[in-house]
Each structure stands twice: as C-alpha cells, then as structure tokens.
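J.: predicted model, plus sequence, below.
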Amino acid sequence: MFGQESLHRCVHRIAGTGTRFPVLAALWLIALSGAAMPAAATTIVTFDPSGSTATYPYAINGSGVITGYYMNASHVSRGFVRGSNRKITSFSVSGSTGTVADCINDSGTIAGRYSDTNGIFHGFVRTGAGAITTFSPVRAAATVPSGINSAGTITGYYMDESGVDHGFVRASDGKIASFDVSGAAGTYPFAINDGGVITGSYVSSEQSRGFVRARNGTITTFDPSSESIDTEAYAINSYGAVAGSYTIYGYPEDTEQGFIRAADGSYSYPSISGAVDIYAQALNNGLSVTGNYYDASYVSHGYYMTSNSTVTSFDPNESTGTFPFGINADGAITGYWTDASNRFHGFLYTP
C-alpha cells in the first residue's frame, strides 16, 4: 500500500507550521505512506476516479491524457488514466498491494511502481492498450520509475540491497543500465527527454544538487545559484531546458525558489508578487512553466508562466491548496488540489 499525500517531486511547506519534508531522504517513505495575474479566460475541470478518497494526477501527454493514482476506501492505491474524452479507467498491477502511475508519453504508455505482498516496490510499464510488464534492476530492493520519453525509454531510481539509491535507464526492449553521479551517496533521476537526456538530483555531503546526464552517459552537475543549499531538478524538455527548485538558507526559515536552466547552462527564475516559496515543477518545449507557490499565509496556489515570463495564478473553486505537476505542449496542466476537508482531487487547467 502506498502513502496518502504523495510529494513525489517537491518539498512542500506544511501549511501553518513552517515545517518542510526533506525530499530525497523521504522519497521511499512517501511511496509507502513576475506578478501573478488572476486567471482570465481559462478552464479548470476537477475530477476523481469512481471510489476515490484521494486523487493524485502526476502527468499529462500531448493528447490531454492524464495519469496518476488514487486511494480507495480500503486505503489501497490504484493507477488511473483519464482520456481526453474525460473517461477515467483505473488499473492495478496483478497481485499488487498498491499501484502508482508516475508518467506517460504521447503514445499513452505509462510507467510507474507497485508494491508486492512483501512490501517490495517494483516498476511497471503499461501500454496504451492496457498490457502491463513489470521490471526491476538487478539486485534492486525497491524500484521507482519517474520519467518516460516518446521512445518508451524509462528512467528512475532503485535502492540496492545495502540501502544505497542508484539511477537507472530502461530501454524499450527491456534492457536496464544503472548509473550514479560520481561521489554521490544517492542518485535520483526524475525525467528523460526524447533525446535520451536525463535530469534529476543527487545527494553529496548531506546536500542535494542537480545533474544532467547526456545520452552518452556524460554527467554535468549544477546548482542554480551560489545561495543554494539544496537543488531539485524535476523536468526536462526536448531542448535540454530543466525546471526545478532550490533552497536558500534563511533565518528563521529557509525559502524555496524555482528555476529554469537552459541547455547552455544559463538560468532564469520565476517571480511572483507576494510569494514566500516558489516551485517550478514542469515545463514544455515552448518554455511554458507550471508549479506552485506559497503566499504569506502558507497557502499553495498554482501558476502558469509563459515564455515571456507572464505569470497567471490559478486555483480550483474551493481549493485550500493547489499543486500542479504536469504540463503538455498546449499548456494544459494537471495536478491535485485540497478542499476544506483536506481531501485531494484532480484538476485539468486549460489556459
């Protein structure tokens, strides 16, 4: 059984407490348990699979197909696919005790993770037709796929028998290669583009930093600012631009700032009036970016930033917290939001 509120790719402040979840240290536990302008001529549709008590969409493809997972009344996680016709199909890996869909490509192929009856995590691939293949790297004690490209190549990370986390790449023919950032205590790939370039984060000396791995295996590490004490890279587009967030030390609290790293290594930073923390979660080839920010009351809002840095803030009606996670080529955004009863629901935002 997988956890309730999944913070798959970000560190979120707990509303009203100022407390943060350390991302890389908590990923396995999670699997277990500019001025912002008001939204104008936009559409926000909310949704839940039948029987859901909590819904967590993670990704959207070019056709507007959304995937993620939900919790049912028995506290069991199940994957779902929401078609562009709004039809929702739920699924589980046969024999699993919990299924989480993490990513989807334009062919409708989904990658994700499931737990077996011994509580061990494995990876799976689900075709657009619904056929599921399971996999794990050799000597993996737990496997978490996190990104898939148009060729069906999957990246993610796994924990070995000694408790060390490594990155992996799984080709569409099923061959798996593992990799690590040199000197890393843990390597965590999060996304792969159509050129086979991977981005993610790694832990070194109790600090997380970003990396980009070229198709030939060459790894470049980075921090988006000299102020960064932790860097998380979440997404990469076809041109090699990376979106993510970094932590700035402060007293009495640290702050979070989103970033976009161009393929040439230059940086830009979303700016939102009144924001305390800003997270950049996803971007597309047009350099439109989505993510969330916290206001002074520690309420999370979604935002959509165009390539000219125009930022639009958005929230579903009655939302007490909005968390975007995926954006497609048309700028359609998916994620989840919380209501006054602290229930999580899915949304589709169309700018």
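T.: Thanks, I have the structure now.
J.: distance of residue 256 from residue 317?
T.: Distance of residue 256 to residue 317, computed by CB to CB, to the nearest Å: 26 Å. The way it works is simple: take the backbone N, C-alpha and C, and place the C-beta from them, glycine included.
J.: okay, these two: which has more neighbours?
T.: residue 256 (23 against 8; other CB atoms under 10 Å).
J.: excluding its backbone neighbours, what's nearest that one?
T.: Spatial nearest neighbour of residue 256, chain neighbours left out: residue 277 (3.9 Å); criterion: CB to CB, 6 or more residues apart in numbering.
J.: what's opposite the one you found in the beta bridge?
T.: residue 294 (DSSP bridges).
J.: is residue 316 in a helix, a strand, or coil?
T.: What DSSP: H, G, I helix; E, B strand; the rest coil gives for residue 316 is coil.
J.: burial count for it?
T.: Count around residue 316 with other CB under 10 Å applied: 20.
J.: let me see the contact set for it.
T.: 44, 46, 322, 337, 345, 347 (CB atoms under 8 Å, 6 or more residues apart in numbering).
J.: can you pull out the strands in the stretch 51-200 of the chain?
T.: For the stretch 51-200 of the chain, applying DSSP state E, counting those that start in this stretch gives strands covering 54-60, 66-71, 77-82, 88-91, 98-104, 110-115, 121-126, 132-135, 140-148, 154-160, 165-170, 176-179, 186-192, 198-204.
J.: partners of the second one in the sheet?
T.: To tie it back to what came earlier, the one meant is strand 66-71. When DSSP bridges is applied, strand 66-71 pairs with strand 54-60 (antiparallel), strand 77-82 (antiparallel).
J.: so residue 143 touches residue 136, yeah?
T.: Yes. With contact defined as CB atoms under 8 Å, residue 143 counts as touching residue 136 (4.6 Å).
J.: so those two - more neighbours on which side?
T.: The neighbour count for residue 143 versus residue 136, taken as other CB under 10 Å, is higher for residue 143 (23 against 19).
J.: who are the contact partners of that one?
T.: 113, 121-123, 135-137, 156-159, 168.
J.: now with 6 Å, please.
T.: 121-123, 136, 158 (CB atoms under 6 Å, 6 or more residues apart in numbering).
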